[in-house]
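**Student:** Quick one: sequence and predicted model below, then my questions.
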Amino acid sequence: MIAVVLVRNPNFNLYMKQPNNIILADSISAFIGGIVTLALSSLLSEWYHLSSALILFIGFVNILYGCYSGFISFRLLSGNYIKNEFVIILIIANSLWAGHCFTQVWYLQDISSIFGLLHLGLEGLYVIGLAYLEVKFLLSILNPKKP
């Protein structure tokens, strides 16, 4: 619902057309998600009825991804050139992670709690939304169409 409100906001397109805002939000959210997941891994494992190994894997992947998107964000904020390949890898990583989250929801539906399934499902929706924004705004700004 928040995403719908933001997309309908007339300032949303202006805000998101600044590529560093997309990547910065992507990087910060991955870091925060990873740190919180690792810090609360034992609690989340019990609450979600998932193995500690899966919770730790999710936390470490989030931090690793935050490092990669943070690298791109740092280059953008520094005014340095970013190759298309770096952004395409970012988009593919978001899409693959969303697929992983949705697959885990399907695979773990019989053993996980509703909270674990919601966490995985909402994370999948979030990262596929980021992939969409990166395609729509970031790639088009980094590669403007020439007349």
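**Tutor:** Cool, got the structure. Numbering: from 1, shown residues only.

**Student:** any idea how far the residue nearest in space to the middle of the chain is from residue 112?
**Tutor:** With distances taken as CA atoms, centre = their mean, the residue of the chain nearest its centroid is residue 127 (3.8 Å). The gap separating residue 127 from residue 112 is 19 Å, by CB to CB, to the nearest Å. C-betas here are computed from N, CA, C, even on glycine.

**Student:** do residue 76 as well
**Tutor:** 37 Å.

**Student:** now residue 61
**Tutor:** Residue 61 is 18 Å from residue 112, by CB to CB.

**Student:** cool, and residue 138?
**Tutor:** Taken as CB to CB, the span from residue 138 to residue 112 is 33 Å.

**Student:** So between those two, which is more surrounded?
**Tutor:** residue 138 (27 against 19; other CB atoms under 10 Å).

**Student:** Give me the pLDDT value at that one.
**Tutor:** If you check residue 138, the pLDDT there is 80.

**Student:** Just confirm it contacts residue 21, I think it does.
**Tutor:** No: counting by CB atoms under 8 Å, residue 138 does not reach residue 21; the two are 9.7 Å apart.

**Student:** Residue ranges in the protein under the pLDDT threshold?
**Tutor:** 1-20, 142-147 (pLDDT under 70).

**Student:** ok, which stretches of this structure are helices?
**Tutor:** Remark: helices assigned in the chain by DSSP state H are 2-8, 10-16, 19-39, 41-48, 52-77, 84-107, 114-133, 140-142.
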